[in-house]
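Engineer: okay, predicted coordinates and the sequence, questions at the end:
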Amino acid sequence: MNALFTVIVVVQVLAALAIIGLVLLQHGKGADMGAAFGSGASGSLFGATGSSNFLSKSTGVAAAIFFSATLALAFVGNKRTVVSGGVMDRLPAAPTAPASPAPAKVDNTPEQGAASSAASAPAGSAGQANQIPK
């Protein structure tokens, strides 16, 4: 699929360069010396038009190739993949934290009260977690 995409892009770039070159080579309708001074309009709004020549036909072919390559790129590039989960599901697993030491034995006698038991427990232990209102 990647090779097909590359081939279509190369065809599109070559067609775009051909269009640029062919348009620059063409002779304008009012590019005569008399057109600068107001003559040469030949009675029509955009000047006299003749039959189309080789350059204008080649420009039309290059434009058709360019547009078809653009449509092919849109078709090839529109293949969507189905995502099974969110962004967080594709993250690597986080390293686990080392096990914390067991909390010291807390003596819950009535004379010590709740303040001394909270002070004797290490920070972040389960003893403090149930004191936070939810």
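Structural biologist: Yes, it's here.
Engineer: could you pull out the helices for the protein?
Structural biologist: According to DSSP state H, the chain carries its helices in the segments 2-25, 54-76, 113-120, 126-129.
Engineer: mean pLDDT for those helices: which is lowest?
Structural biologist: Ranked by mean pLDDT, those end with helix 113-120 at the bottom, a mean of 51.
Engineer: what is the burial count for the nearest residue to residue 23 once chain neighbours are set aside?
Structural biologist: Leaving aside its chain neighbours, residue 23 sits nearest to residue 59 (6.2 Å; criterion: CB to CB, 6 or more residues apart in numbering). (C-beta placed from N, C-alpha, C; glycine too.) If you count neighbours by other CB atoms under 10 Å, residue 59 ends up with 19.
Engineer: now do the one 4 residues further on
Structural biologist: When neighbours are defined as other CB under 10 Å, residue 63 has 16 of them.
Engineer: on that earlier part again, what would the helices of the chain look like in CSV with distance to residue 85?
Structural biologist: Output for the helices of the chain, formatted as CSV (distance: least, CB to CB, whole Å):
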stretch, distance to residue 85
helix 2-25, 26
helix 54-76, 26
helix 113-120, 41
helix 126-129, 31
